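A.B. asks: Just need the structure, nothing else, for what follows:
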Amino acid sequence: MSTFIKKLTGSALILFVSCQASYANQQYLPTKEIVESNNLILSDGTIIQPDNVKAIRAEFYSDDNYIYGYQYVEFDRCEQINLNSLSYTFNTTGITNQIYSKLLQVSGSWSQSYDLLAEQPLNDRNKAEIPPYHKEGNIDYHINNHGLITSSNDSFTINDGDQASGESRYYFDTAQRLTHYTTRSDDGYSSGSYYFTYDHAGKLISSQSPGSYLTYIYDNQDRIFQIFQLTTYSNGIFSRQLNCVKWDNRGGCTKSVTDALEIYPDKTSRHQQFFSSATYQYWDE
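C.D. replies: This next block holds a predicted model:
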């Protein structure tokens, strides 16, 4: 995904020189592998970026209000995420979920604030069978002397109660690709181990977390054009398949269609389809 993997000519050479200049006051210059691992950690594998990208603006929507939201991402001259602002609402397994998150690069590392609310619509007796769940907090990421994220600390409250915490530790192979990370959290939901696998060319092909599995499919131009996810919850099974159907001339996915299927414990199911559109800004424009 990064221009560092290519022969440095033209705009790639300009980007590399600009990357060097932007990190002149730091004790490290991030390598291609470090950039890709950091971006994978910071985006949870959800941001698909073309080469030389400066910013991505995306919108998510469906015809029946199943999901609606937006995302704005900025990258520095080394193609690392500099800002990631995300806000969306979606309805799944009878629960309405509202998510807000903002991540910023600060002094060579990153800090992220977030607010999650999950609640069940009221029934005809003006009551909800499941109490609402509200989690609000901040994550601070820590890097080593090469600029690689090695750990993070999460400080949060649940349902406006007492302060709680969590931590994650990240592990890499000899090529500095993220192989897995472990998370411990006081909330009882986020603890576990998460694993990532790559093909012989170093492209990410799958990730696995507690109760969830994702696969990434590439076309003959090495663009991710399909992502499949299968997740098991206590109150159902959720699957989705994202297909990119339109690209710009730089390889940025400008339109995708996602088919989602929910299966409930009583064997009933619901099929949903939603869309995303994105525009890209590049450093050499």
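
A.B. asks: For this protein, name the helix or strand with the lowest mean pLDDT.
C.D. replies: Using mean pLDDT, DSSP states H and E, helix 11-22 stands out as the lowest-scoring helix or strand of the chain, at a mean of 54.

A.B. asks: count of residues packed around Glu136?
C.D. replies: Glu136: 15 surrounding residues under other CB atoms under 10 Å. Every C-beta, even on glycine, is put in place using the N, C-alpha and C of the backbone.

A.B. asks: Counting by contacts, list what the helix or strand harbouring Ser111 packs against.
C.D. replies: Per DSSP states H and E: Ser111 is located in strand 109-119. Packed against strand 109-119 by the contact rule (3 or more CB pairs under 8 Å, 6 or more residues apart in numbering; DSSP states H and E) you find strand 95-106, strand 133-143.

A.B. asks: List the neighbouring strands of the strand ranked longest in the chain plus their orientation.
C.D. replies: Longest strand in the chain, counting residues (DSSP state E): strand 269-282. Sheet pairing here is set by DSSP bridges, and for strand 269-282 it gives strand 53-62 (antiparallel), strand 253-263 (antiparallel).

A.B. asks: so what's the closest residue to Glu74 other than its chain neighbours bridging to?
C.D. replies: Leaving out its chain neighbours, the residue that sits closest to Glu74 by CB to CB, 6 or more residues apart in numbering is Leu83, at 4.1 Å. Beta-bridge pairing for Leu83 (DSSP bridges): Glu74, Leu104.

A.B. asks: Leu83 and Lys102, how far apart?
C.D. replies: As judged by CB to CB, to the nearest Å, Leu83 and Lys102 stand 8 Å apart.

A.B. asks: Could you do Gln208 as well?
C.D. replies: 27 Å.

A.B. asks: One more: Tyr171?
C.D. replies: Per CB to CB, Tyr171 is found 27 Å from Lys102.

A.B. asks: neighbour-wise, which of those two wins?
C.D. replies: Taking other CB under 10 Å, Tyr171 and Lys102 do not tie; Lys102 has more neighbours (16 against 13).

A.B. asks: coming back round to it: what is the burial count for the residue nearest to Glu74?
C.D. replies: Residues near Leu83, counting by other CB under 10 Å, number 15.

A.B. asks: Could I get the contacting residues of it?
C.D. replies: By CB atoms under 8 Å, 6 or more residues apart in numbering, Leu83 lies in contact with 72-74, 102-105.

A.B. asks: that older thread, include distance to His271 and mean neighbour count when you put the strands paired with strand 269-282 into JSON lines, please.
C.D. replies: JSON lines is the format used below for these (distance: least, CB to CB, whole Å; neighbours: other CB atoms under 10 Å):
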{"stretch": "strand 53-62", "distance to His271": "12", "mean neighbour count": "18"}
{"stretch": "strand 253-263", "distance to His271": "5", "mean neighbour count": "17"}
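
A.B. asks: Please tabulate the ones you listed in TSV and include mean pLDDT and distance to Ser277 as additional columns.
C.D. replies: Formatted as TSV, the strands paired with strand 269-282 follow (pLDDT from 0 to 100; distance: least, CB to CB, whole Å):
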stretch	mean pLDDT	distance to Ser277
strand 53-62	94	5
strand 253-263	93	5
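
A.B. asks: Kindly reformat the ones you listed as a markdown table containing distance to Tyr194.
C.D. replies: Putting these into a markdown table (distance: least, CB to CB, whole Å) gives the following:
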| stretch | distance to Tyr194 |
| --- | --- |
| strand 53-62 | 23 |
| strand 253-263 | 22 |
